[in-house]
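In: Quick check, what structure comes out for this input:
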Amino acid sequence: MKTKKILSLMLAGALIAGTISACTPAAPAPVVPEAAPAQQVPTPTPVVPQVPEPPPEAQVGRGVTLAIMTEAASVQPARHGQLVAHWKQNLSHNGIFRVWHEDLSPVLDLAESMVAISDTVFEFTLRPNIMFHNGEIMTAYDVVAGLYYNRTSPESINVHRSMYSAEVVSRYVFRIDSGEPNAMLFFDLAHHGNFIQPRSLIEAGHDFSRYPVGSGPFEFEEWNLGTSLKFTRFADYFDRDRVAQVEYILWRIIPEGASRTIALEAGEVDYIVDVPLPDLARLQADPNITVIYRPGTMHAGLHLNNERPPFDNIHVRHAIDMALDRDSMLLASLDGHGIPIWTSAPPMFPGVSSEGIRSFDPEGARALLAEHNLDPATLGFEMLVSDEITRRRAEVAQANLADIGIPTTITQMDSATWLSHAGAGDFEAGFGSVTSSNIMAFMRMFFYSGSIGAMNWSRIDIPELSELVLQSINTPDPDARLPIVEQATRMANEHAGFISTNMNILFRAFNSDLVVPELAPNGMMYLNMVHWAD
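Out: Numbers count the residues shown, from 1 in each chain. Purely as a prediction, here's the structure:
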């Protein structure tokens with residue numbers, strides 16, 4: 001019988017800033033907030049497993065089949081803002097940086113070195129012999145062309161803002177100018193919205209949405225819409241220390257949680273990404289299955305379209321906020337595995353204010369509506385959801401809102417369709433979640449007016465708040481940034497344009513013969529490092 005292995009790496013230790021390797025000093029270090037004490041989570045006492053070194057060669061004929069709840073929105077790097085699709089993008093593409101799985105700091109990936117020319121201009125040298133999947137060798141011309149090509153994608157507009165310009169210096173050397181000091185530049189260059197594709201294919205008008213071509217450890221093979229995606233090992237991957245250890249990765253889309261559990265138990269899949277939490281105890285008791293978990297940065301809530309009535313009325317937003325029972329929503333959707341929250345931003349990030357928040361108070365919500373002559377029966381709206389977890393969360397919200405007289409309906413659709421509605425503003429309200437590596441990224445996604453049409457799904461447009469978001473990004477000193485973050489998050493709390501519900505815990509379950517050495521607190525997975533133990 002194999003020993004059960006449960007890993008719980010506290011988030012506090014995962015948020016310590018890392019170091020960027022560079023040719024010379026003078027480069028402002030990418031800023032990651034210092035650790036804040038992790039909130040107490042109802043989880044068992046952890047036992048840290050010993051992870052063996054991966055084998056030097058691919059395990060012939062062996063692959064890994066994963067089960068996931070939702071469909072990818074796209075396989076083209078910059079054409080989506082979806083975490084699920086980003087996991088797949090990490091298989092097939094690379095950025096100038098990647099996020100280090102232990103502390104969420106950006107580390108050089110395609111670039112082997114960096115020199116700070118000034119506080120806004122950085123010169124990068126590519127690693128030698130980086131091969132695209134079409135056989136071409138990557139040059140600085142590909143990097144610059146790829147960065148500008150990605151900027152034509154509105155879905156990733158957030159991560160394009162930090163680069164003012166890019167230019168080729170020589171065949172393997174290029175420069176990036178942020179225009180002004182920008183603490184998000186290196187993080188953004190690690191985002192899938194800035195992953196690099198071949199210039200020759202860009203100029204030829206290649207359809208990357210049908211056949212993506214990158215330089216990653218796996219090569220895209222096929223996508224059976226609604227069923228599966230397959231990636232095969234790329235033997236010529238440039239980073240020999242991170243060459244894929246298995247021959248293929250197969251993603252199976254299995255929306256229903258119990259079906260994912262049965263597939264893992266039967267050996268039809270090797271790895272569950274979205275663990276059905278009602279089955280957690282059953283999976284933990286199985287000697288052939290490993291469950292790992294850690295507190296994460298995944299932040300969930302209800303997006304209210306601030307451009308539409310009744311959500312353009314702050315009293316309505318406050319009443320809805322006060323009506324929602326976070327504890328019941330968490331119990332129904334995640335079996336209580338998470339942290340209910342009221343702050344507008346993830347509370348583990350330094351500087352996030354708790355001033356201006358409300359609490360669960362249905363009676364107070366009814367009184368607030370009556371005070372402002374708002375008839376709750378006229379405030380009905382539709383809530384969009386994209387999976388079984390958000391549906392259960394919405395069902396509790398529906399009962400809560402009915403208790404104060406607001407009628408609602410629930411409409412479920414696939415994740416890509418929900419994102420399309422959210423980006424276009426074609427919705428009233430909807431449940432969603434997002435992960436981030438730092439508070440600056442989160443605020444830019446949710447509170448910055450320039451992100452409307454991208455990740456600012458609540459369509460919050462407050463000039464003073466947007467200015468504070470930009471100030472935080474343009475303040476490299478983390479101590480000087482703290483009061484800016486406090487002011488911005490306090491303003492967001494009071495505005496209640498987006499209603500937070502909970503922080504998630506990351507759970508993964510997989511075959512106990514599988515070694516899974518890298519899982520970041522923001523949910524990122526580097527599946528090229530996964531391998532079989534025998």
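
In: which regions of the stretch 101-250 of the chain lie under the pLDDT threshold?
Out: Counting by pLDDT under 70, the stretch 101-250 of the chain contains no low-confidence segment.

In: residue ranges of the helices in it, please?
Out: 140-150, 157-160, 185-188, 199-203 (DSSP state H, counting those that start in this stretch).

In: Next, report how far the last one is displaced from the centre of its chain.
Out: Using C-alpha atoms, centre = their mean, to the nearest Å, we find the averaged C-alpha position of helix 199-203 to lie 28 Å away from the chain's own average C-alpha position.

In: and that helix, what does it pack onto?
Out: In terms of contacts (3 or more C-beta pairs under 8 Å, 6 or more residues apart in numbering; DSSP states H and E), helix 199-203 is packed against helix 140-150. Quick note: C-beta positions are derived from backbone N, CA and C, even for glycine.

In: cool, and the first one?
Out: Contact partners of helix 140-150 among helices and strands, from 3+ C-beta pairs under 8 Å, 6+ apart: strand 121-126, strand 165-170, strand 173-177, helix 199-203.

In: Would you map out the domains in the protein?
Out: 58-288+512-532, 297-505 (automatic domain parsing).

In: Let me have these in JSON lines, adding mean neighbour count as columns.
Out: Shown next, in JSON lines, are the domains of the chain (neighbours: other C-beta atoms under 10 Å):
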{"stretch": "domain 58-288+512-532", "mean neighbour count": "20"}
{"stretch": "domain 297-505", "mean neighbour count": "20"}
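
In: could you point out the longest strand in this protein?
Out: The strand spanning the most residues in the chain, taking DSSP state E as the definition, is strand 289-304.

In: Run me through the strand neighbours of it, direction for each.
Out: Paired strands of strand 289-304, with direction, are strand 429-434 (antiparallel), strand 498-511 (antiparallel) (DSSP bridges).

In: quick one, which of those strands is nearest to W251?
Out: Comparison of those against W251 by C-beta to C-beta identifies strand 498-511 as nearest, at 13.8 Å.

In: other SSEs contacting the helix or strand harbouring R62?
Out: Secondary structure assigned from DSSP states H and E places R62 in strand 59-68. Judged by 3+ C-beta pairs under 8 Å, 6+ apart, strand 59-68 is in contact with strand 246-253, helix 257-265, strand 271-272, strand 531-532.

In: Helix or strand next in line after that strand, which one?
Out: Where DSSP H and E defines the elements, the next helix or strand beyond strand 59-68 is helix 83-92.

In: Other residues contacting that next one?
Out: Outside helix 83-92, the residues that touch it by C-beta atoms under 8 Å, 6 or more residues apart in numbering are 68, 70-75, 77, 80, 98, 133, 192, 195, 212, 214, 216-220, 229, 231, 249, 251, 273, 415, 434-435, 523-528.

In: re earlier: what mean pLDDT does the longest strand of the chain get?
Out: For strand 289-304, mean pLDDT is 90.

In: Please tell me how far it is from the chain's geometric centre.
Out: Relative to its chain's centre, strand 289-304 lies at 10 Å (C-alpha atoms, centre = their mean).

In: Report the mean per-residue pLDDT for the very next helix or strand once past that strand.
Out: Downstream of strand 289-304, the first helix or strand assigned by DSSP H and E is helix 314-323. The predicted model assigns helix 314-323 a mean pLDDT of 98.

In: Check what contacts helix 314-323 and list those residues.
Out: Taking C-beta under 8 Å, 6+ apart as the rule, helix 314-323 contacts 302, 304, 310-311, 342, 358-362, 364-366, 368-369, 371-372, 374, 376, 379, 400-401, 403-404, 406, 495-497, 499.

In: Please apply the same query to stretch 519-528.
Out: By C-beta under 8 Å, 6+ apart, stretch 519-528 touches 9, 11, 14-15, 64, 66, 83, 86-87, 90-91, 99-102, 104, 216-218, 237, 242-245, 249, 273, 292, 294-298, 435-437, 506, 508, 518.

In: pretty sure P287 is touching E265, no?
Out: No: assessed by C-beta atoms under 8 Å, P287 is found out of contact with E265, at 11.7 Å.

In: gap between the nearest residue in space to S500 that is not next to it in sequence and E256?
Out: Leaving aside its chain neighbours, S500 sits nearest to G301 (4.2 Å; criterion: C-beta to C-beta, 6 or more residues apart in numbering). As judged by C-beta to C-beta, to the nearest Å, G301 and E256 stand 24 Å apart.

In: same thing with Y211?
Out: Counting by C-beta to C-beta, the gap from Y211 to E256 is 30 Å.

In: what does D119 give?
Out: 52 Å.

In: likewise G425?
Out: Going from G425 to E256 by C-beta to C-beta gives 30 Å.

In: Distance to N474 for the helices and strands packed on strand 59-68 - can I get that in a markdown table?
Out: Output for those, formatted as a markdown table (distance: least, C-beta to C-beta, whole Å):
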| stretch | distance to N474 |
| --- | --- |
| strand 246-253 | 39 |
| helix 257-265 | 43 |
| strand 271-272 | 41 |
| strand 531-532 | 42 |
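
In: looking at those, which is closest to I389?
Out: For I389, the closest of the helices and strands packed on strand 59-68 is helix 257-265, at 8.4 Å, according to C-beta to C-beta.

In: Which strands or helices does that closest one pack on?
Out: strand 59-68, strand 271-272, helix 280-285, strand 498-511.

In: and the shortest one, how far out from the chain's middle?
Out: The offset between the C-alpha centroid of strand 271-272 and the centroid of the whole chain comes to 18 Å, using C-alpha atoms, centre = their mean.

In: quick one: contacts of it?
Out: Residues contacting strand 271-272 (C-beta under 8 Å, 6+ apart): 64-67, 260-261, 264, 508-511, 514, 516, 530.

In: Please repeat the previous calculation with a cut-off of 7 Å.
Out: For strand 271-272, the external contacting residues (C-beta atoms under 7 Å, 6 or more residues apart in numbering) are V64, L66, A67, R260, L264, R508, A509, F510, L514.

In: Kindly report the same for the third one.
Out: For helix 280-285, the external contacting residues (C-beta under 7 Å, 6+ apart) are K4, T261, V275, I289, V291, D335, A509.

In: and of the helices and strands packed on strand 59-68, who's closest to V173?
Out: If we rank those by C-beta to C-beta, the stretch that ends up nearest is strand 246-253, at 33.1 Å.
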